[in-house]
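# Would you be able to build a 3D model of this:
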Amino acid sequence: MIKKALLLIIFLLVISCQEKLAIVNKDDSLYKNISNLIKESKSTSKSDSLRNVYLVEAVNKIQELVNDSLKTRSLIKVAYSNLLLRNWNNYKTNSFGVLRRCILLKDTTNLSMAYAYLGYYYQSNYTPDSAYYFYNKALNSYSLVNNEIEAGKMLLSMATIQESVKDYAGSEINTIKSISKLRNSNQVRNLYLAYNNLGVVYNNLGRYNLAIESNEKAINYLKKLEVTDFLEATSLNNLGRIYNQQNNYSKGKEYFYEALQNKNLFNSRPKIYAMLLDNLAYSYFKLGVLEDVSELFYKALQIRDSLNIKDGQVVSNLHMSEYFQSKYDTLKAIQHLTTAKRIAKESNYNDGLLESYLLLSKLEPAKKGKEYLLKHIQLSDSLQKAERGIREKFTRIAYETDEITQERDLEVRKKWWILLFTIIGAGFSVLLFFTMRQRSKNKELELNKKQDEANVEIYNLMLSQQSKFQEGSNKEKERIAEELHDGILGRLFGTRLSLDSLNEGITEEEVKEREEYIEELNLIEEDIRKISHNLKTSLFNNNTSFRKLVEQLISKQRKISNFECELNFNNLTVWENTSNSIKINCYRILQEAIQNIHKYAEVSEVTIEFYEEGKNLILSVKDNGLGYVKKNRNPGIGQKNMISRTKSLKGKIEFSSSLGNGTEVIMKIPM
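Got it, this is the predicted structure:
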């Protein structure tokens with residue numbers, strides 16, 4: 001039997017493993033298909049519309065994946081493809097979807113990436129506070145798993161945002177932190193970007209020596225990269241601007257000129273090319289080398305106009321205004337300033353707008369000039385207030401993060417203490433529970449013992465009552481027998497003798513008639529003698545007493561329930577030696593069974609049997625009532641009591657029933 005059970009378990013395990021293996025194989029195949037579709041969506045050789053078709057098909061197939069890890073990984077790939085296609089809304093939706101899944105599944109690995117994706121979305125869509133918030137969340141998430149490289153990248157992204165909103169102090173701190181995490185890694189490109197950002201920060205703070213040093217370090221890292229064309233041009237432009245800030249236009253010109261020697265720059269990075277061209281023209285202008293300056297300015301502006309580079313258009317117009325002002329062509333200078341002001345206002349390029357207002361205040365007539373100066377002051381104040389507000393917001397995000405970290409550490413310590421006290425409390429509770437349970441069991445055993453004793457005493461009282469009733473009945477019978485025998489029989493006997501003596505000297509007819517009377521009296525005498533004898537020999541014993549109790553119980557119930565009952569004791573040989581405890585429990589179980597018949601069964605016939613089977617006493621109660629379905633019915637308190645009584649006698653009880661076929665209760669008790 002055990003071998004069969006083991007074989008069945010092994011069979012079920014094999015089936016379960018096969019089903020799981022089938023699901024895994026299906027998921028792997030589907031994941032490869034999805035990966036291929038996403039790969040096609042990244043192919044720049046295909047049209048954007050076709051790439052989007054591949055991406056939509058991949059998203060539809062992702063829903064069929066069962067494995068949560070594969071599904072999350074696929075959604076991240078889809079988000080990245082949407083980023084490459086500049087599908088910003090889809091990219092945002094995918095990133096938030098991944099974030100919700102990671103939080104729900106407690107997927108800490110991909111959670112950090114989801115935060116980083118959302119940070120990049122908001123950074124690209126010019127929402128610096130939201131971008132900073134999500135980058136900071138990603139930073140904390142990566143820090144929790146000691147991922148120093150990714151944490152360094154997040155610090156660099158945060159520093160870049162801080163630089164863009166002129167939070168130079170904050171940007172410097174986070175950039176240095178980023179460099180410390182990335183310095184010993186192979187993140188050459190990110191180290192270049194970090195030093196490049198540090199150079200921009202120091203330049204804006206007027207710390208020019210540190211700015212030059214940072215840019216030179218950036219260029220050193222750049223030399224380790226295979227592709228450096230536009231990055232090198234950017235760094236050279238930064239160095240040129242630093243020297244221009246120091247009024248060292250000759251040195252600045254050298255860096256702009258060197259950067260422009262890259263033959264591919266015009267085709268690959270026209271925006272950088274136009275910026276270098278404009279800065280070179282401005283350096284020549286400041287050096288007083290005016291030959292071809294106008295042409296360089298116009299060429300840079302033309303490229304920026306064609307590419308719709310708003311901030312570049314503003315800068316070009318400002319430089320050209322300054323150039324025409326130096327030539328005393330105030331009209332053209334004002335025209336370029338007005339154009340710069342309009343474009344700056346339309347594109348929210350506040351630095352360009354500030355400079356436009358300031359230069360216009362110097363060129364325009366007194367009244368109008370004052371208006372522009374007032375606008376310059378008002379805008380400057382509002383920008384400073386906004387920049388201060390966003391710096392405070394960044395500080396608050398960082399502070400709240402530190403506070404949350406401290407609270408988390410405190411919470412962890414609290415949890416450990418709570419866990420310790422919980423374990424101690426649980427141990428004490430378990431000990432108390434088992435102690436109380438043992439006491440309860442002892443009380444239950446004591447109560448059961450007392451109940452058994454009470455049941456035996458009740459049964460003995462019932463037997464005693466029945467015995468006294470029987471004794472009184474026997475005495476009455478004996479009295480009647482004696483009365484019949486000694487009184488009536490005596491008198492009848494005397495009468496018979498008298499009639500017999502009268503027989504002499506009478507006519508034949510009279511004699512015959514008296515003989516008939518005498519014979520009749522003789523018969524009456526014999527009948528009375530038989531009655532008297534029967535009354536005296538109706539002795540009482542234990543069998544008769546228990547049976548009498550049962551008969552009385554059935555008789556009472558029959559009057560109430562109106563059913564026919566067949567009672568059969570089947571000549572029990574062990575009954576005289578049966579304990580009163582067994583008898584009283586049999587009586588109570590039979591009593592409960594008959595009450596249930598009255599309550600639920602609607603019966604017309606009941607059969608009750610007591611018989612022996614081996615060394616067991618069997619009680620069977622069967623009816624022809626409605627019956628019931630066992631699985632749809634919970635045992636009531638009466639049925640539970642019947643089961644409990646049977647168990648106390650170390651016996652078994654079975655309830656057999658079905659709708660329309662009545663019910664049978666069979667109790668088996670070892671004698």
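
# Secondary structure class of the residue lying closest to residue 643 once chain neighbours are set aside, three-state.
The shortest distance from residue 643 to any non-neighbouring residue, by C-beta to C-beta, 6 or more residues apart in numbering, is to residue 653 (5.8 Å). Every C-beta, even on glycine, is put in place using the N, C-alpha and C of the backbone. Three-state call for residue 653 (DSSP: H, G, I helix; E, B strand; the rest coil): strand.

# Please apply the same query to residue 667.
Taking three-state DSSP, the label given to residue 667 is strand.

# show me the contacts for it.
586, 589, 618, 619, 620, 642, 646, 651, 652, 653 (C-beta atoms under 8 Å, 6 or more residues apart in numbering).

# One more pass at 10 Å, please.
585-586, 589-590, 593, 616-621, 642-643, 645-646, 649, 651-654 (C-beta atoms under 10 Å, 6 or more residues apart in numbering).

# Quick check: pLDDT value at it.
What the model reports as pLDDT for residue 667 is 90.

# Bridging across strands, which residues link to it?
Counting by DSSP bridges, residue 667 is bridged to residue 619, residue 653.

# Per-residue pLDDT of the residue lying closest to residue 255 once chain neighbours are set aside, please?
Leaving aside its sequence neighbours, residue 255 sits nearest to residue 240 (C-beta to C-beta, 6+ apart; 3.6 Å). On pLDDT, residue 240 comes in at 93.

# I'd guessed residue 240 sits against residue 252; true?
Yes: using C-beta atoms under 10 Å, residue 240 makes contact with residue 252 at a distance of 4.1 Å.

# any common contacting residues for the two?
Here residue 240 and residue 252 share the contacting residues 279, 280, 282, 283, scored by C-beta under 10 Å, 6+ apart.

# And the furthest pair within these?
280 and 282 (7.3 Å; C-beta to C-beta).

# Tell me which of the two has more neighbours.
More crowded of residue 280 and residue 282, by other C-beta atoms under 10 Å: residue 282, with 28 against 24.

# In contact with that one, which residues are there?
Per C-beta under 10 Å, 6+ apart, neighbours of residue 282: 240-241, 244, 249, 252-253, 256, 293, 296-297, 300, 315-316, 318-320, 322-323.

# ok, back up a step: how many other residues sit next to the residue nearest to residue 643?
20.

# mind checking how far it is from residue 644?
To residue 644, residue 653 is 10 Å away according to C-beta to C-beta, to the nearest Å.

# Ok, residue 158 next?
Distance from residue 158 to residue 644, by C-beta to C-beta: 73 Å.

# And the two? Which one has more around it.
Neighbours per residue, other C-beta under 10 Å: of residue 158 and residue 644, the larger number sits with residue 158, 32 against 12.

# got the CA positions of the helix or strand encompassing that one in PDB?
Using DSSP states H and E, residue 158 sits within helix 148-164. What follows is helix 148-164, C-alpha atoms only, in PDB (Å, rounded to 0.1, in the frame of the first residue of the first chain):
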ATOM      1  CA  GLU A 148      28.200  51.700  -7.000                       C
ATOM      2  CA  ILE A 149      28.500  52.200 -10.700                       C
ATOM      3  CA  GLU A 150      24.700  52.800 -11.300                       C
ATOM      4  CA  ALA A 151      24.600  55.000  -8.200                       C
ATOM      5  CA  GLY A 152      27.400  57.000  -9.700                       C
ATOM      6  CA  LYS A 153      25.500  57.400 -12.900                       C
ATOM      7  CA  MET A 154      22.400  58.700 -11.000                       C
ATOM      8  CA  LEU A 155      24.500  61.200  -9.100                       C
ATOM      9  CA  LEU A 156      25.900  62.500 -12.400                       C
ATOM     10  CA  SER A 157      22.400  62.800 -13.900                       C
ATOM     11  CA  MET A 158      21.300  64.700 -10.800                       C
ATOM     12  CA  ALA A 159      24.400  67.000 -11.000                       C
ATOM     13  CA  THR A 160      23.600  67.800 -14.700                       C
ATOM     14  CA  ILE A 161      20.100  68.800 -13.700                       C
ATOM     15  CA  GLN A 162      21.400  71.000 -10.900                       C
ATOM     16  CA  GLU A 163      23.800  72.700 -13.300                       C
ATOM     17  CA  SER A 164      20.900  73.400 -15.700                       C
END
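
# Does it pack against any helices or strands, and if so which?
Judged by 3 or more C-beta pairs under 10 Å, 6 or more residues apart in numbering; DSSP states H and E, the packing partners of helix 148-164 are helix 108-124, helix 128-144, helix 168-182, helix 188-204, helix 366-482.

# What separation do you get for residue 322 and residue 286?
Counting by C-beta to C-beta, the gap from residue 322 to residue 286 is 9 Å.

# follow-up on the earlier one: which of the contacts of residue 667 are buried?
Neighbour counting with 16 or more other C-beta atoms under 10 Å marks 585-586, 589-590, 593, 617-621, 642-643, 645-646, 649, 651, 653 as buried within these.

# pull the helix or strand with minimum mean pLDDT from the chain.
When each helix and strand of the chain is scored by mean pLDDT, DSSP states H and E, helix 489-501 comes last, with a mean of 56.

# Report the contact partners of the residue lying closest to residue 200 once chain neighbours are set aside.
Take residue 200 and drop its neighbours on the chain: the residue closest to it by C-beta to C-beta, 6+ apart is residue 163, 5.9 Å away. By C-beta under 10 Å, 6+ apart, the contact list for residue 163 reads 170, 171, 172, 174, 175, 197, 198, 200, 201, 204.

# are any of those buried, and which?
The neighbour count (16+ other C-beta under 10 Å) marks 170, 171, 172, 174, 175, 197, 198, 200, 201 as buried among those.

# Just name the closest of those to residue 604, please.
Each of the buried ones among the contacts of residue 163 was checked against residue 604 using C-beta to C-beta; the closest is residue 174, at 94.5 Å.

# could you measure the closest one against residue 209, distance?
Counting by C-beta to C-beta, the separation of residue 174 from residue 209 is 22 Å.
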